[in-house]
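[1] Next come a sequence and a model predicted from it.
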2 protein chains.
Amino acid sequence: MTMYMDVHHGMKGITEAELMAAHKADLAIEGEEKVHFERAWADPASGTVYCLSEAPSADAVMRIHERTGHPASEIHPVPLVV
Amino acid sequence: MTMYMDVHHGMKGITEAELMAAHKADLAIEGEEKVHFERAWADPASGTVYCLSEAPSADAVMRIHERTGHPASEIHPVPLVV
């Protein structure tokens, strides 16, 4: 399992409730791809959302985000953490 | 105090020791700007590093990163967290 950081652009004006709803939708099906979404951080002003996950592959993360209606704009494995 | 996510590009090949050294350099002087760097995640393959901090302003975060020799490419306040 590897850690991944994925980034969503274009989510200008996202609210705390919307972020929570999106996160819960991911959590509800993440097990089907052996993904776990740990945290997400959002900047409503620029419409940027960062999601930290642990997963078997970047594709697995992307599939969960696509199925819940918010495909990521980019994704990076982040094997180094401090 | 606000949470910030800043992003560094162009750090291809960064090692765990280099990430740790950069983080420790930030920690050593962050108090002078009332910044606290909480975590950092690095993708050596693409050269991308994400840093999560709590700070009084984006400028304060940028000043610490500049003084320690690794200015950020971008920074976003992330007031929403799940």
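    Structure's in. What do you need?
[2] Could you list the buried residues of stretch A:56-70?
    Residues of stretch A:56-70 classed as buried by neighbour count (16 or more other CB atoms under 10 Å in any protein chain shown): A:57-58, A:60-65, A:68, A:70. The way it works is simple: take the backbone N, C-alpha and C, and place the C-beta from them, glycine included.
[3] How about residues contacting it?
    Contacts to stretch A:56-70, defined as CB atoms under 8 Å, 6 or more residues apart in numbering or on different chains, come from residues A:1-2, A:4, A:6, A:8, A:11, A:22, A:25-26, A:29-30, A:32-35, A:37, A:51, A:53, A:55, A:71-72, A:75, A:77.
[4] what is the most centrally placed residue in chain A paired to in the beta sheet?
    The centroid of chain A falls nearest to A:Cys51 when counting by CA atoms, centre = their mean (3.7 Å). Using DSSP bridges, the bridge partners assigned to A:Cys51 are A:Asp6, A:Ala40.
[5] for chain B, what are the nearby residues on chain A?
    A:3, A:5, A:14-16, A:19-20, A:23, A:39-46, A:48, A:50, A:52, A:76-82 (CB under 8 Å from any CB of the partner chain).
[6] Buried among those residues? Need that as a selection in PyMOL.
    Selection command for PyMOL covering only the buried members of those, criterion 16+ other CB under 10 Å:
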select buried, chain A and resi 3+5+14+19+23+40+41+42+43+44+48+50+52+76+77+78+80+82
